[in-house]
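1. Okay, predicted coordinates and the sequence, questions at the end:
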Amino acid sequence: MKKLTLIIIIITLALSSCSDNVFNINVNIDNAIGKKVYLQRVIEGQIVNIDSASVNDNKVTFEIPISENLDAYHIYVKGWRRAIAFFPDNQDITLTGDFNKYNQFKIESPSLTQASLEEFTKKFNELENEDEQQFFVFETVWDKPASVLSPYILYRYKWAFELCELREIVNNFSAELNSGYLDLIKGYIKLLEKTDIGKPYLDFTLKNLDDQDFSLSSMIGKSKLVMIDFWASWCPDCRVENPNIVAVYKDFHEKGLEIISVSLDTDKTAWIKGIEDDNLIWKNHVSDLKGWNCTASQEYGIAFIPQNVLIDANGSIIAKNLNGESLRMFVEDYLK
């Protein structure tokens, strides 16, 4: 009897020791039976699926070995526009929500890094304008150059900064900082450098509305000014800007303006309806229906939409990210 008791004690201690070397990521997700949840991390500048599991009884669990790398994890389900990022800090964490409301998941965890992220997000959302938000992001990441959270925040809000500002912030990060998001930011900076004003255009080939290949290079040199317009039917800001682009096209097409609209849609029906509803009358509409993974948008480092790139007849990028009256004034002045 004593021998049996001793064996039980040894097994219990062994199991306890094993459990001390792992933590659990628990995902409680409604309306997702049979769907696959992907667990992701950023590795060598790429977002990589490191595990996956099918939803059973509205939940999945991932058992993760404890490591010194405290960078973010993501969960992603096909059909979502983006993944959900979180920082477990090697501790059990639970994400709870509905498949159809991926942006409303609640996260429960004793993680201090996750708590800091949620505090940052709350304060960011309370700010009233983009200038205040941009300064708050800058202040947060600049004051915490050794925090694993800082590269994630900077990458998430990279659209708010010019190329020179991004370089300055990255140079301020601690040399010992271990973050996959830092690699992503550096890759993004390289993309911006390749597509900066004065650089030659980057060619791409996508399918048009008739499923025929269309290459940007087929338009360069045929018009005085070519504008690549990155947009999507699901993007409210794009739909607000579209009437202005239509008006500019009507006024300056005969003087040498051509527009190529690159859609970040994933649904062709929605894409076509958006074109028709907004009366986007130019003929060059292209997409690979991969959303944010659109090859053209990745080539040009597109981090937000609407966004545009203007190219002259020699194939040089001469302007970027103009909208409203600034777009009209630039086109009018260039084509006069």
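-> Nice, thanks for sending it over. Remember, predicted model here, so these are calculated numbers, not experimental data.

2. okay, now residue 110: neighbour count?
-> 11 (other CB atoms under 10 Å). The way it works is simple: take the backbone N, C-alpha and C, and place the C-beta from them, glycine included.

3. just checking, next helix/strand downstream of the helix or strand bottoming out on mean pLDDT in the chain?
-> Lowest on mean pLDDT, DSSP states H and E among the helices and strands of the chain sits helix 2-19, with a mean of 44. Per DSSP states H and E, the first helix or strand lying C-terminal to helix 2-19 is strand 22-30.

4. which residues touch that following strand?
-> Contact with strand 22-30 is made by 35, 37, 39, 55, 58-66, 73, 75, 77, 88, 90-99, as judged by CB atoms under 8 Å, 6 or more residues apart in numbering.

5. Return the list of strands paired to it, each annotated with direction.
-> Strand 22-30 has the following strand partners under DSSP bridges: strand 59-65 (antiparallel), strand 93-98 (parallel).

6. how about these in TSV, adding mean neighbour count, mean pLDDT and distance to residue 140?
-> TSV is the format used below for the strands paired with strand 22-30 (neighbours: other CB atoms under 10 Å; pLDDT from 0 to 100; distance: least, CB to CB, whole Å):
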stretch	mean neighbour count	mean pLDDT	distance to residue 140
strand 59-65	16	96	27
strand 93-98	18	98	22
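
7. Switch the ones you listed over to JSON lines; also include distance to residue 148.
-> Shown next, in JSON lines, are those (distance: least, CB to CB, whole Å):
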{"stretch": "strand 59-65", "distance to residue 148": "16"}
{"stretch": "strand 93-98", "distance to residue 148": "15"}
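
8. if you skip the residues just before and after it, what's nearest to residue 167?
-> residue 189 (6.4 Å; CB to CB, 6 or more residues apart in numbering).

9. And the helix or strand that residue 123 is a member of, what does it pack against?
-> Residue 123 belongs to helix 112-126 when assigned by DSSP H and E. Counting contacts by 3 or more CB pairs under 8 Å, 6 or more residues apart in numbering; DSSP states H and E, helix 112-126 packs against helix 130-143, helix 149-156.

10. Any buried residues in the longest one, and which?
-> The reference is to helix 130-143. 133-134, 136-138, 140-141 (16 or more other CB atoms under 10 Å).

11. same question, stretch 250-269
-> Buried-residue list, stretch 250-269, by 16+ other CB under 10 Å: 252, 257-266.

12. Closest one to residue 216 out of these, please.
-> Here the nearest of the buried residues of stretch 250-269 to residue 216, counting by CB to CB, is residue 260; it sits at 6.5 Å.

13. Grab the nearest non-local neighbour of that closest one.
-> residue 284 (4.4 Å).

14. Please tell me how far the one you found sits from residue 248.
-> Counting by CB to CB, to the nearest Å, the separation of residue 284 from residue 248 is 15 Å.

15. What lies in contact with stretch 62-74?
-> Looking at what lies outside stretch 62-74 - CB under 8 Å, 6+ apart - the contacts are 20-25, 27, 38-42, 47, 51, 53, 83-90, 113, 148, 152, 178-181.

16. Now, of the residues you listed, which are buried?
-> Buried among the contacts of stretch 62-74 by 16+ other CB under 10 Å: 23, 25, 27, 38-42, 83-90, 113, 148, 152, 179-181.

17. Mark which of the residues you listed are part of strands, please.
-> Among these, the subset assigned to strands under DSSP state E consists of 23, 25, 27, 38-42, 84-86.

18. What about the buried residues of stretch 250-269, which are in helices?
-> Among the buried residues of stretch 250-269, the members falling in helices are residue 252 (criterion: DSSP state H).

19. would you turn the buried residues of stretch 250-269 into CSV with pLDDT?
-> Putting the buried residues of stretch 250-269 into CSV (pLDDT from 0 to 100) gives the following:
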residue, pLDDT
252, 97
257, 98
258, 98
259, 98
260, 98
261, 98
262, 98
263, 98
264, 96
265, 95
266, 92
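
20. now the buried residues of stretch 250-269 in TSV, with distance to residue 325?
-> Below are those laid out as TSV (distance: CB to CB, whole Å):
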residue	distance to residue 325
252	14
257	16
258	21
259	18
260	22
261	20
262	23
263	25
264	25
265	27
266	32
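
21. Return the member of the buried residues of stretch 250-269 nearest to residue 303.
-> Closest to residue 303, out of all of the buried residues of stretch 250-269 and judged by CB to CB, is residue 264, at 11.5 Å.

22. give the contact list for the nearest residue in space to the closest one that is not next to it in sequence.
-> In space, residue 264 comes closest to residue 232 once its chain neighbours are excluded; the distance is 4.1 Å by CB to CB, 6+ apart. By CB under 8 Å, 6+ apart, the contact set of residue 232 is 238, 263-265, 271, 274, 291, 305.

23. got a pLDDT number for residue 232?
-> For residue 232, the pLDDT comes out at 97.

24. Distance check, it against residue 262.
-> In terms of CB to CB, residue 232 sits 9 Å off from residue 262.

25. end-to-end on stretch 281-293?
-> With CA to CA, to the nearest Å as the measure, stretch 281-293 spans 26 Å from end to end.

26. if we look at that stretch, which residues are touching it?
-> Counting by CB under 8 Å, 6+ apart, 81-82, 206-209, 214, 219, 232, 246, 249-250, 253, 258-268, 271, 275, 294-296 sit against stretch 281-293.
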